[in-house]
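A.B. asks: got a structure for you, letters missing:
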């Protein structure tokens with residue numbers, strides 16, 4: 001996100017292997033000859049626009065290189081276990097002494113304090129610990145019931161978004177005060193904050209929210225319904241939309257029925273409403289219902305596969321699929337940023353980097369000689385960099 005917004009993002013990686021996500025495959029990107037590279041799709045998804053430098057942080061030379069980077073940087077982002085960088089003289093206090101205006105953000109599983117501060121964490125386990133899986137999935141008493149994780153690393157993504165917001169807020173504050181900042185982001189904190197209405201449902205009532213499949217806990221009708229040839233999502237959000245929905249279904253009297261006239265009534269009487277809606281929607285194909293409901297202003301949609309998403313006319317119109325030149329593959333397709341700026345549109349000019357691809361370039365910018373073997377050697381040790 002920060003690179004898309006124009007920041008020069010320098011990714012510091014381990015010599016040789018680089019970032020763990022480079023190996024999180026298959027699938028892996030194929031080069032111009034159809035041979036698999038070491039660039040996993042997972043890595044490609046979240047590393048566009050960055051430059052990569054390989055540094056051995058356990059060496060004094062590597063530590064000096066990081067300090068040289070910090071001296072000319074606005075922001076440092078790190079996701080090591082708590083206190084790891086302190087051992088290398090690269091903590092916030094260490095780098096603040098070099099650059100008092102530095103904004104330093106530590107991203108960990110559980111934050112810098114508390115009984116779990118030293119524990120490692122991954123998205124899946126935080127979805128479980130943070131309550132998300134307790135409200136995701138079908139009811140336990142129905143086929144397929146049981147806890148489910150979200151089908152993408154939602155906590156990782158949200159943590160990245162909170163981190164971006166936090167460092168940009170600190171940057172804006174620095175313009176006013178001239179002072180840097182230390183930011184502590186914990187994945188579990190992010191997950192708890194994201195519980196949103198489900199958290200408040202509990203705090204207001206004292207009742208434990210339960211899994212309810214695709215049914216919205218507070219707004220109805222919002223669910224997946226079977227059609228004649230598949231399924232459709234109905235996302236009615238207010239009483240006016242429900243009246244329109246009832247008209248399209250050919251049952252306008254539903255919106256005046258006291259059991260269904262208001263959203264609170266529909267939530268309380270959902271067991272009576274759902275069979276009626278299900279029977280009616282099962283009489284036509286999904287595409288026909290989407291056309292009719294769109295025309296009436298009732299929010300709805302098909303359940304698209306990923307390939308169908310990239311064929312959707314709206315997605316195509318918004319140019320959400322982009323193509324960027326790549327040093328080994330020739331080009332790589334990527335998902336565009338959703339941010340649209342009138343005055344300063346985003347430009348995509350740098351693909352996800354090969355491991356250590358920009359090491360020598362960055363060292364020259366820092367005034368470090370190329371023959372500093374402790375750093376330069378890390379490039380020669382990298383098969384990806386050689387290729």
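C.D. replies: That came in fine, so what should we check first? If you're wondering where the values come from, they're calculated on a predicted model, not measured in any experiment. Numbering: from 1, shown residues only.
A.B. asks: strands along the stretch 51-200 of the chain, start to end?
C.D. replies: With strands called from DSSP state E, counting those that start in this stretch, the stretch 51-200 of the chain shows them at 75-78, 103-108, 181-186.
A.B. asks: given the shortest one, what are its sheet partners and their directions?
C.D. replies: This means strand 75-78. If you go by DSSP bridges, strand 75-78 pairs up with strand 103-108 (parallel).
A.B. asks: who's in contact with the strand it pairs with?
C.D. replies: 74-82, 92, 95-96, 112, 117, 121, 159, 163, 166-167, 170-171, 174, 180-187 (CB atoms under 8 Å, 6 or more residues apart in numbering). Where C-beta positions appear, they are placed from N, C-alpha and C, glycine not excepted.
A.B. asks: from the strands of the stretch 51-200 of the chain, which stretch is densest packed?
C.D. replies: When you average the neighbours per residue for each of the strands of the stretch 51-200 of the chain (mean count of other CB atoms under 10 Å), strand 103-108 leads with a mean of 23.
A.B. asks: could you chop the protein up by domain?
C.D. replies: By the assignment in automatic domain parsing, the chain contains the domains 9-195+310-386, 222-303.
A.B. asks: start and end of stretch 14-33, how far apart?
C.D. replies: With CA to CA, to the nearest Å as the measure, the ends of stretch 14-33 fall 28 Å from one another.
A.B. asks: for stretch 246-255, that is, sorry about that
C.D. replies: In terms of CA to CA, the two terminal residues of stretch 246-255 are separated by 6 Å.
A.B. asks: could I get the buried residue list for it?
C.D. replies: Neighbour counts over stretch 246-255 (16 or more other CB atoms under 10 Å) mark 246, 248, 249, 254, 255 as buried.
A.B. asks: what is the burial count for the residue lying closest to residue 202 once chain neighbours are set aside?
C.D. replies: Once flanking residues are discounted, residue 202 sits nearest to residue 209: 5.8 Å by CB to CB, 6 or more residues apart in numbering. Using other CB atoms under 10 Å, residue 209 has 17 neighbouring residues.
A.B. asks: surely residue 209 meets residue 136?
C.D. replies: No. Applying CB atoms under 8 Å as the test, residue 209 and residue 136 come out as separate, 10.6 Å apart.
A.B. asks: show me the shaky parts of the chain.
C.D. replies: In the predicted model, the chain carries pLDDT under 70 at residues 370-387.
A.B. asks: grab the most central residue of the chain for me.
C.D. replies: With distances taken as CA atoms, centre = their mean, the residue of the chain nearest its centroid is residue 157 (2.3 Å).
A.B. asks: and the gap between that residue and residue 127?
C.D. replies: 12 Å (CB to CB, to the nearest Å).
A.B. asks: tell me the gap between the helix ranked longest in the chain and the middle of its chain.
C.D. replies: Of all segments of type helix in the chain, defined using DSSP state H, the longest is helix 154-177. On the basis of CA atoms, centre = their mean, to the nearest Å, helix 154-177 sits 14 Å off its chain's mean C-alpha point.
A.B. asks: buried set for that helix?
C.D. replies: By 16+ other CB under 10 Å, the buried positions in helix 154-177 come out as 154-156, 158-160, 162-164, 166-168, 170-171, 174.
A.B. asks: distance of residue 262 relative to residue 254?
C.D. replies: Relative to residue 254, residue 262 is positioned 12 Å away (CB to CB).
A.B. asks: same check, this time on residue 83
C.D. replies: According to CB to CB, residue 83 stands 61 Å off from residue 254.
A.B. asks: next, the angle strand 103-108 makes with the longest helix of the chain.
C.D. replies: Counting by axes from the mean of the first three to the mean of the last three CA atoms, to 10 degrees, helix 154-177 points 160 degrees away from the direction of strand 103-108.
A.B. asks: other residues contacting helix 154-177?
C.D. replies: In contact with helix 154-177 (CB under 8 Å, 6+ apart) are residues 1-2, 46, 74-75, 77, 101, 103, 105, 107, 123, 126-127, 130, 132, 179-181, 183, 185, 187, 190-191, 193-194.
A.B. asks: can you redo the domains of the chain as a markdown table with distance to residue 215?
C.D. replies: Listed next are the domains of the chain as a markdown table, based on distance: least, CB to CB, whole Å:
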| stretch | distance to residue 215 |
| --- | --- |
| domain 9-195+310-386 | 9 |
| domain 222-303 | 5 |
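A.B. asks: quick one, phi psi at the residue nearest to residue 191 when sequence neighbours are not counted?
C.D. replies: Distances taken as CB to CB, 6+ apart place residue 130 nearest to residue 191, at 2.8 Å, with adjacent residues excluded. For residue 130, the backbone dihedrals (degrees, to the nearest 10) come out as phi -90, psi 10.
A.B. asks: contacting residues around residue 130?
C.D. replies: By CB under 8 Å, 6+ apart, the residues touching residue 130 are 155, 188, 191, 192, 194, 195.
A.B. asks: filter the residues you listed down to just the ones in helices.
C.D. replies: Using DSSP H, the members of those that fall in helices are 155, 188, 191, 192, 194.
A.B. asks: go through these and name the one nearest residue 323.
C.D. replies: Of all the ones in helices among the contacts of residue 130, residue 323 sits closest to residue 155, with 29.7 Å by CB to CB.
A.B. asks: if I look at that closest one, how far off is residue 33?
C.D. replies: Distance from residue 155 to residue 33, by CB to CB: 38 Å.
A.B. asks: for residue 193, same thing?
C.D. replies: Distance from residue 193 to residue 33, by CB to CB: 47 Å.
A.B. asks: okay, the two: which has more neighbours?
C.D. replies: residue 193 (12 against 8).
A.B. asks: residue 262 is in contact with residue 239, isn't it?
C.D. replies: Yes. Counting by CB under 8 Å, residue 262 touches residue 239, with 5.8 Å between them.
A.B. asks: overlap in contacts, these two.
C.D. replies: Applying CB under 8 Å, 6+ apart, one finds that no residue jointly contacts residue 262 and residue 239.
A.B. asks: just give the nearest non-adjacent residue to residue 49, would you?
C.D. replies: residue 3 (2.8 Å).
A.B. asks: got the end-to-end distance for stretch 178-193?
C.D. replies: 30 Å.
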